[in-house]
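[1] Have a look at this fold, sequence not included:
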């Protein structure tokens, strides 16, 4: 469909614009899916409708997609269990008693530090930050939008800056396919040039330490601080009360270990899962499978721990898990829609079309910033950083060779641009998980975070432009 290549960007962009303008994210994503499927079927509206339904079913043919969706559901069950067990309440009381949470600043610093320390997998990082921080933020009247921002702006960038995870393995594999002799060395060398990731993390700590906000986030924080509303009046949190609103059962004493033990199990099981699925090579392991195993293991450990301590009977715990999973249905549906529109964008060749434009840009000094901006656009419109890497790395490698430019510098531009889209696109699974983990309205999260992400992208663009002229 070369003659329609320019139209390939319309479905994802239309879905994103509609979602932000109308706040009807489900309808917007469906509209984007329908538009894309109609284009793919020669503008036949009936065939487009049938293909749209089929695209939703095709999501589950990919075990990775299915694993992430199931992970989101089981997370709801695990969170509900830890709340009813008194684990969350016990953790908050322990932190407060030790004087670690005296102020809004200290609570936000804690979230940023936790998000920066856990780099085994983005979803796990977001979940831990959200589960630990959300009750504390609610007590201190810090907006859910701010929590979602800190989750998203530390977890995703840190996982790329410290690529001892599935992200690193995927990028190394792409470099190897391009016959790069030392792909690990090239990736490690590129980290220092990942200006967007550094800017995103740096902004988190700068904003927390100064207490300054701007744009929609400033309004959200004023609402939470002055009116005690951690959510806007119109908000529709991705995690419902069935998952995050349960309170500790009467008669159960608050105990921090009831939350810490399951969460620690989940964190520790992630590298174990990567080792097992990678047959001894942690860099070759399956991230989605390992994430799924981690949350299942954490849930089993939680059930066993609470049963041994006599907190609840097994049948009650199963009821709580089912209720918690039910509370995650909204985000599971959104995940399905997001994966479906990503598949449609791939079928339309959205990424390849944009990449083709930049590959014809021959001014050497502007190549780094063009690679960065193109990767930003592809990732934002398709909702996938890994898909962006798969498209743009094969373009960056020959450009570096033909123009005599440093591959690590160009690779960093591609990785940073892919991270931007994955970090803040409303159809990205990472952005959805951040909204879920913080029990925040998804579009409110995107709206409040986008000005910060664009600021970080602007800083990175200037640095890549300067680097292009000085390289």
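    Sure, I can see it. All values reported here derive from a predicted model rather than from experimental measurement.
[2] For residue 99, report the pLDDT, please.
    In the prediction, the pLDDT value recorded for residue 99 is 65.
[3] and stretch 114-128, how far out from the chain's middle?
    Taking C-alpha atoms, centre = their mean, to the nearest Å, one finds the center of stretch 114-128 at 10 Å from the center of the full chain.
[4] what's in contact with that stretch?
    Residues from elsewhere that reach stretch 114-128, judged by C-beta atoms under 8 Å, 6 or more residues apart in numbering: 68, 71, 75, 129, 132-133, 150-156, 158-159, 161-162, 164-167, 201, 263, 266-267, 270-271, 274, 287, 290-291, 294, 429-430, 433-434, 436-437. Every residue, glycine included, has its C-beta placed from N, CA and C.
[5] buried residues in that stretch?
    By neighbour count with 16 or more other C-beta atoms under 10 Å, stretch 114-128 contains the buried residues 114-116, 118-128.
[6] Separate out the buried members of the contacts of stretch 114-128.
    Among these, the ones that count as buried by 16+ other C-beta under 10 Å are 68, 71, 75, 129, 132-133, 150-156, 158-159, 161-162, 165-167, 201, 263, 266-267, 270-271, 274, 287, 290-291, 294, 429-430, 433-434, 436-437.
[7] how about the nearest residue to residue 89, chain neighbours excluded?
    Among residues not flanking residue 89 along the chain, residue 254 sits closest, at 4.1 Å (C-beta to C-beta, 6 or more residues apart in numbering).
[8] What helix or strand is residue 219 located in?
    Secondary structure from DSSP states H and E places residue 219 in helix 216-227.
[9] rewinding a little: can you list which of the contacts of stretch 114-128 are found in helices?
    Of the positions in the contacts of stretch 114-128, 68, 71, 75, 129, 132-133, 150-156, 158-159, 161, 166-167, 201, 263, 266-267, 270-271, 274, 287, 290-291, 294, 429-430, 433-434, 436-437 sit in helices, assigned by DSSP state H.
[10] Could you check the angle the helix or strand that contains residue 418 makes with helix 429-437?
    Assigning secondary structure by DSSP H and E places residue 418 in helix 407-424. Calculated by axes from the mean of the first three to the mean of the last three C-alpha atoms, to 10 degrees, helix 407-424 forms an angle of 40 degrees with helix 429-437.
[11] So which elements touch helix 407-424?
    Packed against helix 407-424, as judged by 3 or more C-beta pairs under 8 Å, 6 or more residues apart in numbering; DSSP states H and E, are the following elements: helix 144-161, helix 183-190, helix 195-210, helix 367-382, helix 385-403, helix 429-437, helix 442-470.
[12] What residues sit buried inside the longest one?
    Pointing back at helix 442-470 there. In terms of neighbour count (16+ other C-beta under 10 Å), helix 442-470 has its buried residues at 442-453, 456-457, 459-461, 463-465, 467-468.
[13] Identify the spatial nearest neighbour of residue 443, chain neighbours not counted.
    What sits nearest to residue 443 in space, not counting adjacent residues and going by C-beta to C-beta, 6+ apart, is residue 23, at 4.9 Å.
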